[in-house]
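In: please find the sequence and the predicted model below.
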Amino acid sequence: MTEGEKLFQELWTKRNGCQFYPQIVVLGYVVDFYSFKLKLAVEVDGGYHLPVSQREKDEYRDQVLTKHGIKTVRIETTTDKAEMLRQIEKVKHTVWNLRRRKRRKPRPPPSINNPRLPAMGATG
């Protein structure tokens, strides 16, 4: 685990309720951090990810994960706590949005058999 990944793990677990597991294999890819509950992968990208060839591989990998319902958030690696906290805000925003979407439960459409609806022909 890189220094930036260690810092992310330290700062995240101290401030947030969503649990991320480090270095998890998902669909044959090792992701830096993964939340099973939210189907969210966090990648802490350093200099290794700068070459165009690596960025193309990362994009392809993100597309594969997305096709399987897994969201990927990429943040820049840093060993500076203040900067990592700014990067973590990006992850927090994504977690908040994913949780909000999960809470929205679709309501069933009105039905003739719904006991809460007045009987046909009844006046209210």
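Out: That came in fine, so what should we check first? Numbers count the residues shown, from 1 in each chain.
In: how about residue 6, secondary structure?
Out: Following DSSP: H, G, I helix; E, B strand; the rest coil, we place residue 6 in the helix state.
In: just list the residues touching the residue nearest the centre of the chain, thanks.
Out: Taking CA atoms, centre = their mean, the centroid of the chain lies closest to residue 40, which sits 2.8 Å from it. Residue 40 makes contact with 18, 20, 34, 70-73, 94-95, 98 under the criterion CB atoms under 8 Å, 6 or more residues apart in numbering. C-beta coordinates here come from the backbone N, C-alpha and C atoms, glycine included.
In: measure it to residue 28 for me?
Out: Applying CB to CB, to the nearest Å, the value for residue 40 to residue 28 is 18 Å.
In: helices and strands around the helix or strand containing residue 97, which ones?
Out: Residue 97 belongs to helix 81-103 when elements are defined using DSSP states H and E. Applying 3 or more CB pairs under 8 Å, 6 or more residues apart in numbering; DSSP states H and E, we find helix 81-103 packed against helix 3-15, strand 40-45, strand 71-76.
In: between these, which one is nearest to residue 64?
Out: strand 71-76 (9.9 Å; CB to CB).
In: just the angle between that closest one and helix 81-103, please?
Out: Counting by axes from the mean of the first three to the mean of the last three CA atoms, to 10 degrees, strand 71-76 lies at 170 degrees to helix 81-103.
In: ok, residues contacting strand 71-76?
Out: Contacts of strand 71-76 (CB under 8 Å, 6+ apart): 8, 31, 38-46, 49, 58, 61-62, 65-66, 87-88, 90-91, 94, 98.
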